[in-house]
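Asker: Would you be able to build a 3D model of this:
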Amino acid sequence: MKTYYVYILASKRNGTLYCGVTNDLIRRVSQHKSDLIEGFTKKYKVHKLVWWEDCGSVESALNREKQIKEWHRQWKLELIEERNPSWNDLYEELVK
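Answerer: Residues are numbered from 1 along each chain as shown. All right, here's what the predicted structure looks like:
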C-alpha cells in the first residue's frame, strides 16, 4: 500500500506558501528545490519544506490538500508553527 503526503512549501518564514500532494515526498521536494517543475514554486522561489503529513490513500491526501487550500492564511501559518515553530526546512531531516 502506498503512502501519500500532503505538504506545504514556503519561500521564507511567513512568506509565500504552496500546498501539494505526492506519493514520494523526498523526490517531489527535490524537484521543487531544483526548479524542475514549471509554475508557481519556480516563479516565486517556494523551495522550503515547512510542513507535511502522511495519508493512507490518495483520496484522503487530495481531500486534505483541498481542505488546507481553502483555509485562511492564518490557519495555515498556525498549522506550520504548531509542528515547526522555527520554520526549519524539514527536507534536510528527511534526507539524513
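Asker: C-alpha only now, for contacts and for neighbours.
Answerer: Will do.
Asker: from what I can see C19 touches I8, true?
Answerer: Yes - under the criterion of Cα atoms under 8 Å, C19 makes contact with I8 at 4.5 Å.
Asker: Looking at those two, which one has more neighbours?
Answerer: Neighbours were tallied for C19 and for I8 using other Cα atoms under 10 Å; the higher tally belongs to I8 (23 against 18).
Asker: quick one: strands adjacent to the helix or strand containing the more buried one?
Answerer: When elements are assigned from DSSP states H and E, I8 belongs to strand 4-10. Strand 4-10 pairs in its sheet with strand 17-22 (antiparallel), strand 48-55 (antiparallel), by DSSP bridges.
Asker: out of those strands, nearest to I68?
Answerer: strand 17-22 (7.6 Å; Cα to Cα).
Asker: what are the C-alpha coordinates of that closest one, in CSV please?
Answerer: Extracted in CSV, the C-alpha atoms of strand 17-22 (Å, rounded to 0.1, in the frame of the first residue of the first chain):
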residue,chain,number,x,y,z
LEU,A,17,3.0,29.2,0.6
TYR,A,18,2.4,26.3,-1.7
CYS,A,19,0.4,23.2,-0.8
GLY,A,20,0.7,19.9,-2.7
VAL,A,21,0.3,16.1,-2.7
THR,A,22,2.7,13.4,-3.7
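Asker: now the next helix or strand after it against strand 4-10, angle please.
Answerer: The element immediately downstream of strand 17-22 (helix or strand, assigned by DSSP H and E) is helix 25-33. Per axes from the mean of the first three to the mean of the last three Cα atoms, to 10 degrees, the angle that helix 25-33 makes with strand 4-10 is 30 degrees.
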